[in-house]
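Participant: Structure, please.
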Amino acid sequence: QVQLVESGGGLVQAGGSLRLSCVASRRTFIRDAMGWFRQARGKEREFVATISWSGGSTFYADSVKGRFTISRDNNKNTVYLQMINLKPEDTAVYYCAARQTYSDFVMNRPDWFNSWGQGTQVTVSS
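Facilitator: Residues are numbered from 1 along each chain as shown. Down below sits the predicted model:
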């Protein structure tokens, strides 16, 4: 297991931007596939974006394509989610997730990941 700590959430107006960060405690972070998921009140947790350990593969939910960018800095054990043109429907708790892999592979299902952060609230006002 790895400890994940998210930060960067907050309240922003529609059209605004935020950058979320997730710092992982594992020394072998370079072998962790990472993901961002979100859960709005009363809804199930949903896929937002994922990135393989090399950063060579990234995937996005259709609802965020062109607005969100996932990236990672393996020297800092950190994965980021840059969010622009935020919409009220982006309001949710955003969770960082990790899974150690032995190939440069990542899946988009939350049940594939085995480590989760506590989440950071993102609220977009209209």
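
Participant: any idea which element the residue nearest the centre of the chain lies in?
Facilitator: For the chain, the residue sitting closest to the mean C-alpha position, by C-alpha atoms, centre = their mean, is residue 36 at 2.1 Å. Secondary-structure assignment from DSSP states H and E places residue 36 in strand 32-39.

Participant: Which strands and helices lie in contact with that strand?
Facilitator: Helices and strands touching strand 32-39, as assessed by 3 or more C-beta pairs under 8 Å, 6 or more residues apart in numbering; DSSP states H and E, comprise strand 18-24, strand 46-51, strand 68-73, strand 78-83, strand 92-100. For glycine as for every other residue, the C-beta is placed from the backbone atoms N, C-alpha and C.

Participant: ok, residue 126 to residue 102 distance?
Facilitator: According to C-beta to C-beta, to the nearest Å, residue 126 stands 45 Å off from residue 102.

Participant: And residue 74, by the same measure?
Facilitator: In terms of C-beta to C-beta, residue 74 sits 16 Å off from residue 102.

Participant: These two: which is more packed in?
Facilitator: residue 74 (15 against 7; other C-beta atoms under 10 Å).

Participant: so where's the protein shaky on pLDDT?
Facilitator: Residues of the chain meeting the criterion pLDDT under 70: 27, 29.

Participant: hang on, the earlier thing: name the strands paired with the strand holding residue 36 and say parallel or antiparallel.
Facilitator: Using DSSP bridges, strand 32-39 pairs in its sheet with strand 46-51 (antiparallel), strand 92-100 (antiparallel).

Participant: sorry, back to before: residue contacts, the residue nearest to the residue nearest to the centre of the chain when sequence neighbours are not counted?
Facilitator: Leaving aside its chain neighbours, residue 36 sits nearest to residue 48 (4.4 Å; criterion: C-beta to C-beta, 6 or more residues apart in numbering). Contact analysis of residue 48 by C-beta atoms under 8 Å, 6 or more residues apart in numbering lists 35-38, 60-61, 64, 68, 81, 94.
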